[in-house]
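1. Sequence and predicted structure are below.
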Amino acid sequence: MESIKPALVRIHDVKLDDDYIQWIQDVKQRFRKTQIKAAVKVNSEQLLFNWQLGRDLVIRKAEEKWGSGIVEQVSLDLQAAFPDVKGFSARNLWNMKKWYSFYAVPESTALISDLNQIVEHDQEKLQQVAAEIPSEKLQQVVAEYPFPIAFGYVPWGHHLEIITKCSSIAEALFYIRRTIEAGWSRSALENSMQADIYHKTGTAVTNFDERLPAPQSKLAQELLKENYDLGFITLPNEHDETDLETAIEQRMTRFLLELGDGWAFVGRQKEIIVSGKTRKIDLLFYHIYLRCYVVIELKVKAFEPEFAGKLNFYVNAVNRLIRRDSDNPTLGLLICKDMDRTEVQLAFQGITTPMGVATYDNVKIKEIQDYLPTVDQIQEQIEIAEAEFHMNRRIKEEIQHGEHI
C-alpha cells in the first residue's frame, strides 16, 4: 500500500486513521481504472471507425462505383475536413480495407466467437467494451461482419502486423489473443511471430481433452509445445537429470521465456512428504492464466512408460498437499529427450490426472577438452609462476644480504 504524503497545506480538525487510508486508496484505484477504461474506449472507438470505413469500401464496392482512385479521393476529403488528425493517408485507408477483407469470410464467425470466450481473464473488460461501443445498423447491401469486441484491446499497428504476416484467420486470432493476455508490445509480437510460436505450441501429446473441462483443456493444450528449445544451456558430455535441472535453474529467466506467457517459477526439487517419506519434484511452476500448479519432470533420455506413473504420483501429491480450493487441477508435464507418440498415448490410458509429454533439443554439449586450459592459458600460468619464483628469490637474497651486513 502506497503511503500518503503529507499535504503542503495542513487542514485543521482532520484525523487520518486507517479507515481513511483504506478509503483514499480505493478512490485512487477507481480513478486509475477510469483512466484505463477511457484509454481502452478511445482505442476501441478508433478501431471501430477503421473497421467501419474498411467495411464501407468493401460492401459499397467503392472502386467499381466511383473509379479506381476513390480511396485516394476519400483520403484527400478526410484530411481536408480533419487536418489535425493523423491516420487518413491513402495507405492507411487501403490497410483498413485489407483488415476488414481479411476477416470478412464465413469461417471467421465461429473462430472470433471462440476468441471472446477463451480470453477468460479479460472477460469483464471485454463486456465493458461491448457495452461502450455503440451498435451499428447498416443497410444490408451485402453480407457484412460486425466489429469483433476483442479487437478493441489490440493496437492498430499490431493488427496490421498480424494480417500482413499471418496466412490464416486461426493464426491471426491466436496472436490477437496472446497479445491481449500478455499485453505484448509491438516488438514482442514481432519476435513471437518470427519465432512462429503458433505452429510450435499446442502440439504436445496430452490427455487434456479427456481430463480437463472445456475451454480449460483447449487453453492448456495451446500453452504447451511439442518441443522446447534449450539452446541457451550447456551441459557436459556425460550428464544426468541433476545437471539438466541445475543448468535450467541457472538460466530460469530464459527458460520461462521458452515456456511462454503466464508461467511463474515456484521451486526446484520441491519437497513433499507422503506417508512419512520425502519426495522431491524436479520443477514446480504455477500458471497464472490457467490458475493451477504445473509439475515438470525432466528426463535426459527417451520416454519410458514408467515415467507417466511417477508424474501421475507427483500431480496427485500436489493436488492433495499444496493445491488450494481456489486453484484448478494440477497439470503434469514430462520433458524428455525423445518420445514415441503411440507409447505415450498407451501409457496415459487409465490415468485420470491431466498430463502431457514434450521433448527438448539443441542443448550445447561441452566436451572434456573444453574443461582443459588452452595453450595461451598454460603459457600465462607458466609466466606467472616464473615471475613469482624470481621475485621470491630476490626477496630472499635481500634478506640474507641484510643479515650479513
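-> Okay, I see it. Numbering: from 1, shown residues only.
2. doesn't residue 273 fall inside a strand?
-> Yes - with DSSP: H, G, I helix; E, B strand; the rest coil as the criterion, residue 273 is part of a strand.
3. For the stretch 51-200 of the chain, give me the ranges with low pLDDT.
-> 116-143 (pLDDT under 70).
4. which ones are touching the nearest residue to residue 319 once chain neighbours are set aside?
-> Closest residue to residue 319 apart from its sequence neighbours, by CB to CB, 6 or more residues apart in numbering: residue 330 at 5.0 Å. Using the backbone N, CA and C atoms, a C-beta is placed for each residue, glycine as well. Neighbouring residues of residue 330 by CB atoms under 8 Å, 6 or more residues apart in numbering: 292-295, 315, 318-319, 322-323, 353-354.
5. per-residue pLDDT, residue 330?
-> With respect to pLDDT, residue 330 scores 96.
6. and it, how far is that from residue 212?
-> Note on residue 330: its distance to residue 212, by CB to CB, to the nearest Å, is 11 Å.
7. for residue 178, same thing?
-> As defined by CB to CB, residue 178 lies at a distance of 20 Å from residue 212.
8. Could you pull out the buried residues of stretch 102-114?
-> Residues of stretch 102-114 classed as buried: 102-104, 108, 111-112 (neighbour count, 16 or more other CB atoms under 10 Å).
9. roughly how far is that stretch from the heart of the chain?
-> Computed by CA atoms, centre = their mean, to the nearest Å, the chain-centroid distance of stretch 102-114 equals 24 Å.
10. Equivalent analysis for stretch 213-222, please.
-> On CA atoms, centre = their mean, the centre of stretch 213-222 falls 16 Å from that of its chain.
11. for it, which positions count as buried?
-> Within stretch 213-222, the residues that count as buried by 16+ other CB under 10 Å are 216-222.
12. Stretch 155-172 too?
-> Judged by neighbour count using 16+ other CB under 10 Å, the buried positions of stretch 155-172 are 155-156, 158-163, 166, 169, 171-172.
13. Is it possible to get TSV of those that adds secondary structure?
-> Shown next, in TSV, are the buried residues of stretch 155-172 (three-state DSSP):
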residue	secondary structure
155	coil
156	helix
158	helix
159	helix
160	helix
161	helix
162	helix
163	helix
166	coil
169	helix
171	helix
172	helix
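14. What is the nearest of those to residue 48?
-> The shortest approach to residue 48 among those belongs to residue 156, at 11.4 Å (CB to CB).
15. Let me see the contact set for that closest one.
-> 46-47, 50, 87.
16. Could you report the distance from it to residue 85?
-> Applying CB to CB to residue 156 and residue 85 gives a distance of 14 Å.
17. cool, residue 218 as well?
-> 41 Å.
18. hmm, back to that, and the contacts of residue 156, which are buried?
-> For the contacts of residue 156, buried by 16+ other CB under 10 Å: 47, 50.
19. And the contacts of residue 156, which two are furthest apart?
-> So, these by CB to CB: farthest apart are 47 and 87, at 11.0 Å.
20. mind listing the strands for the stretch 101-250 of the chain?
-> 205-206, 227-229, 234-236 (DSSP state E, counting those that start in this stretch).
21. Okay, now the sheet partners of the first one, with direction.
-> Note on strand 205-206: by DSSP bridges, its sheet partners are strand 355-361 (antiparallel).
22. how far out from the middle of the chain is the strand it pairs with?
-> Distance, centroid of strand 355-361 to centroid of chain: 18 Å (CA atoms, centre = their mean).
23. Ok, stretch 336-349 next?
-> In terms of CA atoms, centre = their mean, the centre of stretch 336-349 is found 27 Å from the chain centre.
24. got it, and stretch 91-109?
-> When distances are taken as CA atoms, centre = their mean, stretch 91-109 is centred 27 Å away from the chain's centroid.
25. quick one: which of the buried residues of stretch 102-114 is nearest residue 283?
-> The closest of the buried residues of stretch 102-114, once distances to residue 283 are taken by CB to CB, is residue 111, at 34.1 Å.
26. now the closest one: how far from residue 390?
-> Distance from residue 111 to residue 390, by CB to CB: 79 Å.
27. same check, this time on residue 92
-> Note on residue 92: its distance to residue 390, by CB to CB, is 76 Å.
28. ok, those two, which is more surrounded?
-> Each of residue 92 and residue 390 has its neighbours counted (other CB atoms under 10 Å); residue 92 has more, 15 against 9.
29. Within the helices and strands, which one has that one?
-> Element membership of residue 92, judged by DSSP states H and E, is helix 90-103.
30. Show me what that helix is packed up against.
-> Counting contacts by 3 or more CB pairs under 8 Å, 6 or more residues apart in numbering; DSSP states H and E, helix 90-103 packs against helix 18-59, helix 70-81, helix 156-165, helix 169-182.
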